[in-house]
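Trainee: Sequence first, predicted model second:
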Amino acid sequence: MEDKLQCAICGEDHPAVIRKIEKHHVFGKVNSNYTIALCNNCHNKTTYDQNKLSPKERSNFNDTKKLKFLLISIGSLLKTIGDELLKLERLLNEKHTIEGLCSDKEKTE
């Protein structure tokens, strides 16, 4: 069975979009080898906040800076996931509204 390439956040799996899945180091390369597969769009959104700390700050960790980076990393990932969940909720609301309108039309006929 072939593994399907898919973004861990948005679920994008269309071959034209998922030409290259990017490995996102959730806690930064310096801290952990743990990665998740992300499409380019989700990876850029997630690493944007991580990159607010300079490479020098990310490599010279004391406990406070390490904690700060870990909080930024996890927070940014959760923010991106939250945005995707809100999009899904809006789509479900739109679908529910359309189904309700169709149902009301059937009742009047």
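Mentor: Good, I have the coordinates. Residues are numbered from 1 along each chain as shown.
Trainee: quick one: the strands in this protein?
Mentor: Listed in chain order, the strands of the chain (DSSP state E) span 22-25, 35-38.
Trainee: and stretch 93-109, what's its mean pLDDT?
Mentor: Stretch 93-109 comes out with an average pLDDT of 68.
Trainee: wait, I meant stretch 49-59
Mentor: Averaged across stretch 49-59, the pLDDT comes to 76.
Trainee: of all the strands of the chain, which lies closest to Leu70?
Mentor: Closest approach to Leu70 among the strands of the chain (CB to CB): strand 22-25, 11.6 Å. For glycine as for every other residue, the C-beta is placed from the backbone atoms N, C-alpha and C.
Trainee: now the helices for the protein?
Mentor: In the chain, the helices defined using DSSP state H lie at 40-50, 55-59, 63-108.
Trainee: who wins for proximity to Gly11 among those?
Mentor: The nearest among the helices of the chain, by CB to CB, is helix 63-108 at 8.0 Å.
Trainee: got the strands of the chain as CSV, with mean neighbour count columns?
Mentor: As requested, these are arranged in CSV below (neighbours: other CB atoms under 10 Å):
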stretch, mean neighbour count
strand 22-25, 17
strand 35-38, 18
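Trainee: Make CSV from those and add mean pLDDT and distance to Leu53 to it.
Mentor: Below are the strands of the chain laid out as CSV (pLDDT from 0 to 100; distance: least, CB to CB, whole Å):
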stretch, mean pLDDT, distance to Leu53
strand 22-25, 86, 14
strand 35-38, 88, 19
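Trainee: Noted, bye for now.
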